[in-house]
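Participant: Below is the structure, and that's it, no one-letter string:
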């Protein structure tokens, strides 16, 4: 590693943001180069100084005010929730069923879709197969499911495919495809649709997550994300386009 | 019940929220107003919180609250530096002379940090004082990770220059 490279990586090294291999290379360089080591020691001392800067703790009267304030805003929040629901109902309209008002079964599955999404993020179990290559992800599902989920990369549209995994929805094994939009993760669950009366498409949101569902070639697709609904709709449109 | 959950999830991070707001606004009164407004907003958007990241999530709301207040009163960003004494952390194990030196250093670092442009100041505070990862900072500040890195590097260069300069001046 050259001094130039070491200098470029110095901050990330200090902040422990380098991967192990690169960190080892920087460490190696520092042990053999007095100039770079000096720079590192300087930065390190600076970091310690900044960490010694005053920490401003919340004063007690602020804590009291916050507690009082959030209690008061509860009734207002309920009003807002209803207003938002009414707006959504107006905005969505024609051709699309609102998941919230559809059948009980639909409701339960939407909850499970959101739960599946949250679980995948929380348990650090986003992928069984991590790849941006649709030709790696698609064959991975072979032999694990009794259907072949269509896998397309949408990197050119700003939604790169990042991997896939097996998941369960309503007691059925499903394919979960994982896409990324900046820091947001989009899970797409795919499974054969056995309910012939299922609505062709629907949208909704649960606990701040947006959910889109649609049917294609006898399969149900569920897209779920915390991404804003405008971008999620773009994503769904891109995915549904033939 | 939601209230209870909110109190258990968000209020543990009230100090962190206040610290961040205090570094953004550089004065107690504005920081208190920002945090109070932010908590009301946090309550309203509580459903958008995933279980594991209440602190950066709250930082995001604090920042948005501060930003919308600051842009309403565009002067807020350039508010005069307060010159009142604050409670500086003290190390009881030090003798009086060392303690004086330490207080001097803390005051100098604080002044140097406060004089940084807010874009640089906040990444320093989030990284060094709150210990957020680049990814978390990027999410709070809503810039790409590369921008976080370049801001951090430039903030450190500036701080190092300012602090070195004052040392030289002190020695003269």
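Facilitator: Cool, the structure landed. Please read all numbers here as calculations on a predicted model, not as lab measurements.

Participant: In terms of helices and strands, where is the most centrally placed residue in chain B?
Facilitator: Central residue of chain B (Cα atoms, centre = their mean): residue B:20, 3.0 Å from the mean position. Here residue B:20, judged by DSSP states H and E, is contained in helix B:14-25.

Participant: related to what we said a few turns ago, residues in contact with the residue nearest to the centre of chain B?
Facilitator: B:59, B:62, B:63, B:122, B:125, B:126, B:130 (Cβ atoms under 8 Å, 6 or more residues apart in numbering or on different chains). No exception for glycine: its C-beta is placed from N, CA and C like everyone else's.

Participant: residue with max distance from the center of chain A?
Facilitator: residue A:34 (43.4 Å).

Participant: any weak-confidence spans in chain B?
Facilitator: Applying pLDDT under 70 to chain B picks out residues B:1-2, B:50-52, B:72-103, B:165-172.

Participant: need the longest helix for it.
Facilitator: helix B:145-171 (DSSP state H).

Participant: Now do that helix: distance to the chain's middle.
Facilitator: 16 Å (Cα atoms, centre = their mean, to the nearest Å).

Participant: anything in that helix sitting right up against chain A?
Facilitator: Yes - for helix B:145-171, a contact with chain A is found by Cβ under 8 Å from any Cβ of the partner chain, at B:149, B:152, B:153, B:156, B:159, B:160, B:163.

Participant: Just put the residues you listed in JSON lines and tack on neighbour count.
Facilitator: As requested, these are arranged in JSON lines below (neighbours: other Cβ atoms under 10 Å in any protein chain shown):
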{"residue": "B:149", "neighbour count": "19"}
{"residue": "B:152", "neighbour count": "23"}
{"residue": "B:153", "neighbour count": "18"}
{"residue": "B:156", "neighbour count": "23"}
{"residue": "B:159", "neighbour count": "23"}
{"residue": "B:160", "neighbour count": "17"}
{"residue": "B:163", "neighbour count": "19"}
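
Participant: mind listing the helices in chain A by residue range?
Facilitator: In chain A, the segments counted as helices under DSSP H are A:3-14, A:20-32, A:34-51, A:60-92, A:104-122, A:134-141, A:229-240.

Participant: what packs against the shortest one?
Facilitator: Judged by 3 or more Cβ pairs under 8 Å, 6 or more residues apart in numbering or on different chains; DSSP states H and E, helix A:134-141 is in contact with strand A:129-130, strand A:161-169.

Participant: For residue A:173, name its beta-bridge partners.
Facilitator: Residue A:173 has these beta-bridge partners by DSSP bridges: residue A:168.

Participant: neighbours around residue A:3, how many?
Facilitator: 12 (other Cβ atoms under 10 Å in any protein chain shown).

Participant: what's near enough to touch it?
Facilitator: Neighbours of residue A:3 in contact, by Cβ under 8 Å, 6+ apart: A:29, A:33, A:35, A:36.

Participant: Among those, name the buried ones.
Facilitator: Neighbour-count burial (16 or more other Cβ atoms under 10 Å in any protein chain shown) applied to the contacts of residue A:3 gives A:29, A:33, A:36.

Participant: Quickly note the distance from the first one to chain B.
Facilitator: In other words, residue A:29. With distances taken as Cβ to the nearest Cβ, to the nearest Å, residue A:29 is found 18 Å from chain B.

Participant: Isn't residue A:69 up against residue B:35?
Facilitator: No - in this structure residue A:69 lies outside contact range of residue B:35 using Cβ atoms under 8 Å: 10.2 Å.

Participant: So which of the two has more stuff around it?
Facilitator: residue B:35 (31 against 14).

Participant: what secondary structure does that one sit in?
Facilitator: On the three-state scheme (DSSP: H, G, I helix; E, B strand; the rest coil), residue B:35 is labelled helix.

Participant: what's the spacing between residue A:115 and chain B?
Facilitator: Applying Cβ to the nearest Cβ to residue A:115 and chain B gives a distance of 12 Å.

Participant: Contact residues of chain A facing chain B?
Facilitator: Of all the residues in chain A, those lying near chain B are A:11-12, A:15, A:17, A:42-43, A:46-47, A:49-59, A:62-63, A:65-67, A:69-71, A:73-74, A:77, A:80, A:118, A:121-122, A:183, A:207-208, A:226, going by Cβ under 8 Å from any Cβ.
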